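K.L.:
quick check, what structure comes out for this input:
(chains A and B)
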Amino acid sequence: MAYKLSEGSLEIIMNGGLYDKPVMQVLGSKKIQGSGSNDRFRLLVSDGKHSHSFAMLATQLNELLISGELSDYSVVQINKFVTSVLKNTGKGEKRVMIVLDVSIIAPGTEVGKKLGNPQNWSEDSVTTSAPAPTPMRPTPQAAPSLGNSLGNSFGNSLAKPAAGPNLDSSMLGSQMTHPIASLSPYQNKWVIKARVMNKSDIRTWSNARGEGKLFSMDLCDESGEIRATAFKNECDKFYDMIQVDKVYYISRCQLKTANKQFTTLKNDYEMSFTPDTVVAECMEDASALPTVKYDFVPISDIANKNSDSILDVIGVCKFASDVQELTAKTTGKLLKKREATLVDQSGGAITLTLWGNEAEKFDASSNPIVSAKGARVAEFNGSKSLSCLASTMLRCNPNVPEAHRLRGWYDNGGAGMDTVNISARSGGQSGGSGEWLTFSEVEARRLGAGEKGDYFTLVGVLTFMFADNAVYKACPQDQCNKKLVDQENGLYRCEKCNREYPNYKYRLLLGANVSDPTGDQRITAFNEAAEAILGQPAADVGRMSEYDKSAYTQLFEEVKFRTYVFNFRTKMETYSDEAKLKTTVMSAKPVDYRDANAKLVKSITALSGIQV
DNA sequence: CCCCCCCC
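P.N.:
This next block holds a predicted model:
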């Protein structure tokens, strides 16, 4: 049988032209050292007229060679390929062809010999041979280096949109962009057309090697996904431009091996923007480019998921807390978070914690549909909630069928449906998201029954205070707050430090009763919380108790029957066979009536389904 | 060149 090779196709391709599905013969292959398991293979290919050893097999096709399916003398049709120019090869520029998809027309064993008499094609042929023959389809003939000319074109169009007779983005079809899966450090001239799946906040760093700022983004196309990071100048240059869900042409980034420890994206490489990087938004229809794929878990099912598992969720945001600031224990970093309560048709409600910029920007006032791909299940005090990671793809009112279904459900009665808050069953900041509970709800939910105790917020009135023992003389050591024993000789003994001191500090330990319309509770307020309740520093309260008893009594009279927004921690403890809730004041704040009224209105709306 | 993903 005679095999017909696409004579002359190599010359076209190696001149940067396009040739549709050339048929070639493989004359040899050679393994070149890749990093780790990423071996790559170089092929010697022939079109019958020329042979060329600068063809490389895309790594995803390695198996063809390893299995022997592709071997010497095989005749193949190259369905998909890209070329790129390598610099610094020692012999000037070298163009390589990367084979992305092949069909084997005849196995090497069947062909058994070299077809024709191909001459070794060299880079010199470019200048000695005639210009490339007419390609198979309209092609950028003025573009001996595809990536380069596209890059220039972007540069021009960014500077002056109407410029450039050569190429504009409307001419950029899929033929001319490179699949993300084909990118590697071996190729430096390429253009990808990619959708932004996720974009990070700007982060700064400071370490022994210096300091700076960066942001990163996750890109995808039909072939795969890759992370790109923009540092310093590039961070400033591109942060505002890059928008989630939009599609961009991107060229001239630096590729490097991805550290798998820090990414879940399916790519062996990641890229960094460089001063030469060009980004141009794709203005034509890019609906063919994949969007984020979801695998939503019904909210009520999340209660059965393991902690730390990663999942996708979508729900109506029924409620969101204010932004709270906190300090990370391990890093000392100042963090901002907001807790959004999501509900869906499963009848479940769950808290989703947003961080940083996403927390600040979030607006729950219109009860948006919120979706999160890759949120992490967290467990606190035995209850499940979700937390966003840097890799989580968060969307408000995403254009997906589930979102439209939820909107319809919520606006037609779903808002009034009873939900089971799986983030509040037996722990956590109960009621989630800054919701206020009553004592009867605390009882109904059996808060405090768990191992670690439960936190909740409640508006209550101080109905009684144990004023007599509210202040004591404490060990003056910084970390030691032990009550001192008066030695009656001007010295005070600390049993914990096993030392005597001539001095002491006053600390507060206030026992009290708090009531709300549904019940009451014996509570304890330690130093800072008690100072907040009394509105006086412990030192002043101590002086009053010792030197101005009437002022001391007056202080407690004034505070009695005041209303506070309390944050409590409660835990069941057993004293001499009797189980009792031990409830501690974590914080006590005066009521902000504006905020309180807003909460009541929200609650009325949620319960009645009627917009107030 | 980062690599943190936090808290009650």
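K.L.:
need the outlier residue of chain A, farthest from its centre.
P.N.:
Largest separation from the mean C-alpha position in chain A: residue A:489, at 62.8 Å (Cα atoms, centre = their mean).
K.L.:
next one, pLDDT for that residue please.
P.N.:
Model confidence at residue A:489, given as pLDDT, is 93.
K.L.:
backbone phi and psi for it, please?
P.N.:
Phi and psi for residue A:489, reported as degrees, to the nearest 10, are phi -130, psi 20.
K.L.:
please tell me how far it sits from DNA strand B.
P.N.:
Residue A:489 sits 41 Å away from DNA strand B, going by Cβ to the nearest atom of the strand, to the nearest Å. Just so you know, the C-beta spots here come from the backbone N, C-alpha and C atoms, and that holds for glycine as well.
K.L.:
and the nearest residue to residue A:300 once chain neighbours are set aside, what are its phi and psi?
P.N.:
Among residues not flanking residue A:300 along the chain, residue A:348 sits closest, at 3.3 Å (Cβ to Cβ, 6 or more residues apart in numbering). Residue A:348 has phi and psi values of phi -90, psi 150 when expressed as degrees, to the nearest 10.
K.L.:
may I have the beta-bridge partners of residue A:348?
P.N.:
residue A:420 (DSSP bridges).
K.L.:
in terms of contact, does it touch residue A:304 like I think?
P.N.:
No: judged on Cβ atoms under 8 Å, residue A:348 makes no contact with residue A:304 at a distance of 10.8 Å.
K.L.:
who's more crowded, those two?
P.N.:
More crowded of residue A:348 and residue A:304, by other Cβ atoms under 10 Å: residue A:348, with 23 against 9.
K.L.:
next up, the contacts around the more buried one.
P.N.:
With contact taken as Cβ atoms under 8 Å, 6 or more residues apart in numbering, residue A:348 is in contact with A:298, A:299, A:300, A:301, A:302, A:303, A:419, A:420, A:421, A:422.
K.L.:
for PyMOL, write a command that selects the buried ones of these.
P.N.:
Restricted to buried positions by 16 or more other Cβ atoms under 10 Å, the PyMOL selection for the contacts of residue A:348 reads:
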select buried, chain A and resi 299+300+302+419+421+422
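K.L.:
nearest to residue A:96 among the contacts of residue A:348?
P.N.:
residue A:302 (48.9 Å; Cβ to Cβ).
K.L.:
can you tell me how far that closest one is from DNA strand B?
P.N.:
Residue A:302 sits at a distance of 15 Å from DNA strand B (criterion: Cβ to the nearest atom of the strand).
K.L.:
equivalent analysis for residue A:216, please.
P.N.:
Per Cβ to the nearest atom of the strand, residue A:216 is found 6 Å from DNA strand B.
K.L.:
also residue A:366?
P.N.:
For residue A:366 relative to DNA strand B (Cβ to the nearest atom of the strand), the value is 25 Å.
K.L.:
quick one, phi/psi of that residue?
P.N.:
phi -100, psi 20.
K.L.:
also residue A:181?
P.N.:
Dihedral angles (degrees, to the nearest 10) for residue A:181: phi -60, psi -20.
K.L.:
just give the number of residues close to it.
P.N.:
Count around residue A:181 with other Cβ under 10 Å applied: 19.
K.L.:
what's the answer for the one 3 residues further on, then?
P.N.:
By the other Cβ under 10 Å criterion, the neighbourhood of residue A:184 contains 21 residues.
K.L.:
right, and residue A:539 touches residue A:506 too?
P.N.:
Yes: applying Cβ under 8 Å as the test, residue A:539 and residue A:506 come out as touching, 5.2 Å apart.
K.L.:
look at the two and report which has more neighbours.
P.N.:
A direct count of neighbours by other Cβ under 10 Å for residue A:539 and residue A:506 places residue A:506 higher, at 19 against 14.
K.L.:
in the sheet, who's paired with that one?
P.N.:
Those that pair with residue A:506 in a beta bridge, by DSSP bridges, are residue A:473.
K.L.:
do the one 10 residues further on as well
P.N.:
As for beta bridges, residue A:516 partners with residue A:519 under DSSP bridges.
K.L.:
in contact with it, which residues?
P.N.:
Here residue A:516 is in contact with A:438, A:439, A:458, A:459, A:460, A:461 (Cβ under 8 Å, 6+ apart).
K.L.:
cutoff 7 Å now
P.N.:
Contact analysis of residue A:516 by Cβ atoms under 7 Å, 6 or more residues apart in numbering lists A:438, A:439, A:458, A:459, A:460.
K.L.:
tell me the one of those nearest DNA strand B?
P.N.:
Checking the contacts of residue A:516 against DNA strand B by Cβ to the nearest atom of the strand gives residue A:458 as the nearest, at 14.3 Å.
K.L.:
neighbouring strands - and their directions - for the helix or strand where residue A:339 lies?
P.N.:
Using DSSP states H and E, residue A:339 maps to strand A:334-343. Next to strand A:334-343 in the sheet, as set by DSSP bridges, lie strand A:310-320 (antiparallel), strand A:324-327 (antiparallel), strand A:348-355 (antiparallel).
K.L.:
can you lay out the ones you listed as JSON lines showing mean pLDDT and distance to DNA strand B?
P.N.:
Below are the strands paired with strand A:334-343 laid out as JSON lines (pLDDT from 0 to 100; distance: least, Cβ to the nearest atom of the strand, whole Å):
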{"stretch": "strand A:310-320", "mean pLDDT": "94", "distance to DNA strand B": "11"}
{"stretch": "strand A:324-327", "mean pLDDT": "89", "distance to DNA strand B": "5"}
{"stretch": "strand A:348-355", "mean pLDDT": "94", "distance to DNA strand B": "4"}
